[in-house]
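Enquirer: All I have is the shape, not the residue letters:
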């Protein structure tokens, strides 16, 4: 299968990154959101990110224009009918994702691959919403999508070899990232490990061992992390980290996945990180630390 047109559902932080990355690889991207306002905001954020790359001499104005021209905003799912691959990247809500996948199953041809960017949900359960569960697969990208060259390719119980092989070829050859095969498990590899890392950092903070700034500095300088655990959490979204930990705690039943009370308090206060402008640190409207 030659994949040239890709649908992306959801223009939030991850959807923006996926759409921009795909367009930068020469693919036509069809981007959908639940409202015109959210779709417009998503495109504005993509343009802001491209402008930042231009400022750093990583991109030219001509390349920016080509990328934006390859991203087509859509108002309804029917416009995805000609895509060879559709990636769902909405919020981590099982029932909402199942509804999206059910709609895609009705619109897309039998040979279209339906992928989910879920980080914790069951691919087998998502695939149960379709009449073709063999074509449903997980494509878990990691933030920031354009900079992280890893994709977890997650097989559900009924994902076919043909679907997996075509997806693996797409990841390795077309978007030129390293695809690793992961069998279905809550949190897969990356989310499971990084959320435990963040949660333990929260416990260290809660115990008063060190400040958030110093804990981040320790991990950045001492172990060459690009970001410390608290800036990571801010950029992932504290609500997303909490949701992932809650789901893994329910699925595994092990205390190590129980979310820190500090994390719960911050989410209840609306301090969600970059998306709200404040988390463990403060951020401007472009997502840069203040």
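Expert: Right, received. Where do you want to start? Since we're looking at a predicted model, the values are computed, not measured.

Enquirer: mind listing the strands for the protein?
Expert: 5-9, 28-32, 71-74, 85-88, 113-116, 136-141, 150-155, 178-183 (DSSP state E).

Enquirer: right, and these - which one's nearest residue 63?
Expert: Minimum separation from residue 63 across the strands of the chain (C-beta to C-beta) falls at strand 71-74, 13.3 Å. C-betas here are computed from N, CA, C, even on glycine.

Enquirer: For residue 260, give me its contacts.
Expert: 199, 202, 203, 206 (C-beta atoms under 8 Å, 6 or more residues apart in numbering).

Enquirer: Now the last one. Nearest residue, chain neighbours left out?
Expert: Distances taken as C-beta to C-beta, 6 or more residues apart in numbering put residue 262 closest to residue 206, at 5.1 Å, once the chain neighbours are dropped.

Enquirer: What pLDDT does the model give the one you found?
Expert: Per-residue confidence (pLDDT) for residue 262: 97.

Enquirer: what do you get for residue 285?
Expert: The model's pLDDT for residue 285 equals 79.

Enquirer: So it versus residue 73, what's the distance?
Expert: Using C-beta to C-beta, to the nearest Å, residue 285 is found at 21 Å from residue 73.

Enquirer: sorry, back to before: quick one, which of the strands of the chain gets closest to residue 244.
Expert: So among the strands of the chain, strand 136-141 is nearest, using C-beta to C-beta, at 11.6 Å.

Enquirer: The closest one packs against which elements?
Expert: helix 13-24, strand 113-116, helix 123-127, strand 150-155, helix 161-169 (3 or more C-beta pairs under 8 Å, 6 or more residues apart in numbering; DSSP states H and E).

Enquirer: which residues in the protein form helices?
Expert: Remark: helices assigned in the chain by DSSP state H are 13-24, 36-55, 61-70, 94-107, 123-127, 161-169, 190-206, 212-223, 229-236, 238-252, 261-268.

Enquirer: What ranges in the chain fall below the confidence cut-off?
Expert: 1 (pLDDT under 70).

Enquirer: switch the cut-off to 90
Expert: 1-2, 13, 75, 91-92, 110, 143-144, 184, 275, 284-288 (pLDDT under 90).

Enquirer: what domains does the record give for it?
Expert: Domain assignment for the chain by automatic domain parsing gives 5-183, 191-276.

Enquirer: can you tell me the distance between the two ends of the last one?
Expert: Pointing back at domain 191-276 there. Domain 191-276 has an end-to-end distance of 22 Å (C-alpha to C-alpha, to the nearest Å).
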